[in-house]
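heads up, no residue letters with this:
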């Protein structure tokens, strides 16, 4: 949906004739991250509040369901797609509406707009009703869950199918995090917005400082809620396992206790051209790993303006080379590790440039949002395992 700029300011909080419910928010310091971008967990919180307001207006709000029927809403799956991130002080509008079809698993949609009417992102979510005593899903009763007429509205996008993993991940990781008191809500389980926070936190943690310098923003986030994390889990470690595909701008995460998978998520983020997130890589004999050197820009720097080095102990398991575009198509200049036979080898890849030797135009292309990336091209220590 799009708004005409001259009528945007006339849209007020509350129920709209077409079935949408709208609410305005002004972003404060607690709603943005260290890059001054709206936190996804804050966006989901605003979406949940706005949806709750609409449900309350139709007599099926959270408190009514809980008190009168022993039921609560539980999110099953949710996808967020962001086109642009607002910062602190921005005034944004959340629009939300339910799908007209009321099933065991039912959908609710949302969009976020700037004050000028520009759409910044959208949300598609799937929900169920939980019997809080039996802890089982129940089919919605139309007499209890009353919906506005949204027959003229359509979903912002189609929810994608499930979690995409893969055994070919170049940068796998395994961490642990324990849920804390503030992760939980009055439903007795971890709030859905906290899963988005855990995903964003984990992605930032596994990226290297060089990758973080690019401030990659999450453009798409999909979370599948498989089994609730109960309040009794406070202080107990949750295993977080997944991987990063830096060249694809893709990240996966699954949270479990070793027996039960609680959730899995997938994020697509702005590509990190420095693939220094490689730490441990498993290859089969004959396979090769290409690591781009010029992560600051898609074109190479002029010859004579940079220095490159490859440091490693002699190994008959892996061959290390520095190849040009002609030798390694699709990569302007790459460090290449080719697996030969079973074993392992560790290599340090280092590259830097001399800013004094660059033209003003090229030098300016090496800045990220006003901050210099320094003179580092790449600095990575990689262990190659040949299985």
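Perfect, I can see it now. Source: prediction; values computed, not measured.

neighbours around residue 190, how many?
Neighbour count for residue 190, taken as other C-beta atoms under 10 Å: 25. (C-beta placed from N, C-alpha, C; glycine too.)

for it, what are its contacts?
Counting by C-beta atoms under 8 Å, 6 or more residues apart in numbering, residue 190 touches 179, 183, 184, 228, 229, 233.

how close does the closest residue to the fifth one other than its chain neighbours sit to residue 41?
Read that as residue 229. Spatial nearest neighbour of residue 229, excluding adjacent residues (C-beta to C-beta, 6 or more residues apart in numbering): residue 190 at 4.3 Å. For residue 190, the distance to residue 41 equals 12 Å [C-beta to C-beta, to the nearest Å].

Residues contacting stretch 107-117, please?
1-5, 8-9, 43, 46-47, 50-51, 84, 86, 90-99, 101, 119-127, 153, 155-156, 159.

Now neighbour count and secondary structure too, for the contacts of residue 190, in a markdown table please.
A markdown table is the format used below for the contacts of residue 190 (neighbours: other C-beta atoms under 10 Å; DSSP: H, G, I helix; E, B strand; the rest coil):
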| residue | neighbour count | secondary structure |
| --- | --- | --- |
| 179 | 23 | coil |
| 183 | 20 | helix |
| 184 | 19 | strand |
| 228 | 17 | coil |
| 229 | 23 | coil |
| 233 | 18 | helix |
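
Look at the residue nearest to residue 229 and report its pLDDT.
For residue 190, the model assigns a pLDDT of 91.

Low-confidence stretches in the stretch 1-150 of the chain?
1-10 (pLDDT under 70).

Which residue ranges of it form strands?
Secondary structure of the stretch 1-150 of the chain (DSSP state E, counting those that start in this stretch): strands at 14-15, 21-26, 71-82, 91-98, 106-114, 119-131, 136-138.

Ok, the stretch 251-387 of the chain next?
Using DSSP E, counting those that start in this stretch, strands in the stretch 251-387 of the chain cover 261-269, 280-283, 288-292, 306-312, 318-324, 333-339, 343-353, 367-368, 371-372, 376-386.

Looking at the ones you listed, spot the one closest to residue 196.
Closest of the strands of the stretch 251-387 of the chain to residue 196 is strand 261-269, at 8.0 Å (criterion: C-beta to C-beta).

And the contacts of the closest one?
With C-beta under 8 Å, 6+ apart, strand 261-269 has contacts from 163-164, 195-196, 199-200, 203, 216-229, 238, 249-256.

quick one: which of these sit in strands?
218-225, 238, 250-256 (DSSP state E).

Could you single out the nearest of those residues to residue 381?
residue 251 (21.1 Å).

For the closest one, give me its contacts.
Residue 251 neighbours (C-beta under 8 Å, 6+ apart): 199, 203, 206, 242, 243, 244, 245, 266, 267, 268, 269.

Then residue 101?
Contacts of residue 101 by C-beta under 8 Å, 6+ apart are residue 107.

Let me see the domain layout of the chain.
1-155, 171-215+232-272, 280-386 (automatic domain parsing).

so residue 245 touches residue 170, yeah?
Yes: in this structure, residue 245 is within contact of residue 170 by C-beta atoms under 8 Å, at 6.7 Å.

Identify, by residue count, the longest helix of this structure.
When the chain is parsed with DSSP state H, its longest helix is helix 40-57.

How about residue 69: what's its closest non-neighbour residue?
Using C-beta to C-beta, 6+ apart, the nearest residue to residue 69 is residue 144, at 6.2 Å.

returning to that earlier point: and of the contacts of residue 251, the nearest to residue 63?
So of the contacts of residue 251, ranked by how close each gets to residue 63 (C-beta to C-beta), first place is residue 199, at 28.9 Å.

Count the neighbours of that closest one for me.
Neighbours of residue 199 under the rule other C-beta under 10 Å: 27.

now residue 11
16.

How about residue 151?
9.

What of the one 10 residues further on?
Using other C-beta under 10 Å, residue 161 has 7 other residues around it.

wait, is it part of a helix?
No: assessed by DSSP: H, G, I helix; E, B strand; the rest coil, residue 161 does not belong to a helix; its assignment is coil.

Chain neighbours aside, what residue packs nearest to the residue nearest to the spatial centre of the chain?
Per C-alpha atoms, centre = their mean, the C-alpha nearest to the average position across the chain is that of residue 267, at 3.5 Å. Nearest residue to residue 267, sequence neighbours excluded (C-beta to C-beta, 6+ apart): residue 251, at 4.5 Å.

again with residue 184
residue 231 (4.8 Å).

distance of the one you found from residue 97?
Counting by C-beta to C-beta - residue 231 and residue 97 are separated by 31 Å.

Would you mind telling me which of these two has more residues around it?
Taking neighbours as other C-beta under 10 Å, residue 231 and residue 97 compare with residue 97 leading, 27 against 16.

was I right about the more buried one contacting residue 21?
Yes: under the criterion of C-beta under 8 Å, residue 97 makes contact with residue 21 at 6.7 Å.

which residues are in contact with both of these two?
Common neighbours of residue 97 and residue 21 (C-beta under 8 Å, 6+ apart) are 54, 148.

Poorly predicted segments of the stretch 251-387 of the chain, please.
Residues of the stretch 251-387 of the chain that meet the cut-off, pLDDT under 70, sit at 271-279, 292-300, 325-332, 363-376, 379.

Name the residues linked to residue 240 by a beta bridge.
Bridge pairing for residue 240 (DSSP bridges) gives the partners residue 175, residue 255.
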